[in-house]
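Undergrad: Sequence plus predicted model, see below.
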Amino acid sequence: MKLLGEKFPSMEVVTTQGVKRLPEDYAGKWFVLFSHPADFTPVCTTEFVEFARKANDFKELNTELIGLSVDQVFSHIKWVEWIKDNTNIAIPFPVIADDLGKVSNQLGMIHPGKGTNTVRAVFIVDDKGTIRLIMYYPQEVGRNVDEILRALKALQTADQYGVALPEKWPNNYLIKDHVIVPPSTDEASANERKEKIKSKEIEAFDWWFVHKPLK
């Protein structure tokens, strides 16, 4: 199983949009790779429709979507056609046909307790090919695409501004849409922050919990 901070392994994959090399074909872009247990299943269909509906939101964040299951490419093509015919939603992203399970096993997407199908895994990979986030859902529970989008925005914001993001950002209960300033790492800077808190120069619950508007 891959870990956060590791490079995404180089691989050649067969997709509904032709052969692709990961992560090389996405150099300079982020991508979200998500696996599903099987084609023509209800939960997976609801997920694909929502990923398709939000595809432009991901593109606005310089991010491409890539689906995957252990079905053959012919099954993927037919299922994508079925989704378009029956929901009027076109699937704009490629779907990897991992019928031999090589990609799934390499990325830890197949869990023995769930048979030979892939679980609902999500990998967010940045524009340098580094794995930044991994999620696993069981087969019986569909993913929240809005949460994946939120996490992607949070990662990119953390990179750009050198901050941390709270629970449910930008709609956190305690600090609303504020971001968290990294804590002090020595006594001098901690004491300096305490003085700034007293004079209301900065917003904080304490010296180790300072927050501010993003811009």
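TA: Everything's here; your move.
Undergrad: OK, contacts around the residue nearest to Gly142 when sequence neighbours are not counted?
TA: Nearest non-adjacent residue to Gly142, counting by CB to CB, 6 or more residues apart in numbering: Val43, 4.7 Å away. To be clear about C-beta, it is placed using only N, CA and C from the backbone, and glycine gets the same treatment. Counting by CB atoms under 8 Å, 6 or more residues apart in numbering, Val43 touches Gln139, Glu140, Val141, Gly142.
Undergrad: Each with direction, which strands does the helix or strand containing Phe205 pair with?
TA: Taking DSSP states H and E as the definition, Phe205 sits inside strand 203-206. Partners of strand 203-206 in the sheet, by DSSP bridges, are strand 209-212 (antiparallel).
Undergrad: Quick check: buried residues in the strand it pairs with?
TA: The neighbour-count check on strand 209-212 (16 or more other CB atoms under 10 Å) flags Val210, His211 as buried.
Undergrad: Work out the gap between it and the centre of the chain.
TA: A distance of 26 Å separates the centroid of the chain from that of strand 209-212, by CA atoms, centre = their mean, to the nearest Å.
Undergrad: Which residues does it contact?
TA: Strand 209-212 has contacts (CB under 8 Å, 6+ apart) with 166, 175, 178-181, 183, 193, 197, 202-205.
Undergrad: and Pro9, how many neighbours?
TA: Other residues lying near Pro9 total 13 when counted by other CB atoms under 10 Å.
Undergrad: Val95 too?
TA: Neighbour count for Val95, taken as other CB under 10 Å: 27.
Undergrad: So what sits opposite it in the bridge?
TA: Where Val95 sits in a bridge, its partners, by DSSP bridges, are Gly67.
Undergrad: picking up where we left off before, pLDDT (mean, whole number) over the strand holding Phe205?
TA: Strand 203-206 comes out with an average pLDDT of 96.
Undergrad: CA-only coordinates of that strand in PDB, if you can.
TA: This file holds the C-alpha atoms of strand 203-206, laid out as PDB (Å, rounded to 0.1, in the frame of the first residue of the first chain):
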ATOM      1  CA  GLU A 203      -7.000  36.500  16.400                       C
ATOM      2  CA  ALA A 204      -6.400  33.500  18.500                       C
ATOM      3  CA  PHE A 205      -7.700  31.200  21.200                       C
ATOM      4  CA  ASP A 206      -4.200  30.800  22.500                       C
END
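Undergrad: Flag every buried residue along it.
TA: By neighbour count on 16+ other CB under 10 Å, the buried set for strand 203-206 is Ala204.
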